[in-house]
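J.: need a 3D model of the sequence below.
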Amino acid sequence: ESLSVDPIKNAIKTFEKWDVLECHPQEKLKIYYLKEEYDSDEATNQIFESIDVYKWTKNFN
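T.: Purely as a prediction, here's the structure:
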């Protein structure tokens with residue numbers, strides 16, 4: 001599958017709005033980190049589960 005840049009940018013903006021990611025500009029780059037409270041397997045799995053319900057699957061029946 002292919003993925004364009006726009007969905008990735010939108011996801012990053014969403015995670016920043018949800019207070020999951022923080023951005024640290026460094027010279028001409030933006031470095032993104034998980035915030036401390038989301039920097040664990042359990043926390044990232046909870047985020048994954050909350051957005052996984054919106055995953056679209058093709059039904060071939």
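J.: and L34, how many neighbours?
T.: A count of nearby residues for L34, using other Cβ atoms under 10 Å, gives 15. Every C-beta, even on glycine, is put in place using the N, C-alpha and C of the backbone.
J.: quick one, phi/psi of it?
T.: The phi/psi pair for L34 (degrees, to the nearest 10) reads phi -70, psi 140.
J.: just checking, it touches C23?
T.: No. Using Cβ atoms under 8 Å, L34 is not in contact with C23, being 11.5 Å away.
J.: what about the nearest residue to L21 once chain neighbours are set aside, which helix or strand?
T.: Distances taken as Cβ to Cβ, 6 or more residues apart in numbering put F15 closest to L21, at 4.3 Å, once the chain neighbours are dropped. Following DSSP states H and E, one finds F15 within helix 5-17.
J.: swap in E49?
T.: Counting by DSSP H and E, E49 is part of helix 41-52.
J.: output that helix as CSV, nothing but the C-alphas.
T.: The C-alpha trace of helix 41-52 is given here as CSV (Å, rounded to 0.1, in the frame of the first residue of the first chain):
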residue,chain,number,x,y,z
ASP,A,41,3.7,0.0,25.9
GLU,A,42,0.5,0.2,27.9
ALA,A,43,-0.2,3.8,27.1
THR,A,44,0.6,3.4,23.4
ASN,A,45,-1.6,0.3,23.2
GLN,A,46,-4.5,2.3,24.7
ILE,A,47,-4.1,5.0,22.0
PHE,A,48,-3.9,2.3,19.4
GLU,A,49,-7.1,0.6,20.6
SER,A,50,-9.0,3.9,20.7
ILE,A,51,-8.2,4.6,17.0
ASP,A,52,-8.2,1.0,15.8
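J.: any idea of the angle that helix forms with helix 5-17?
T.: 120 degrees (axes from the mean of the first three to the mean of the last three Cα atoms, to 10 degrees).
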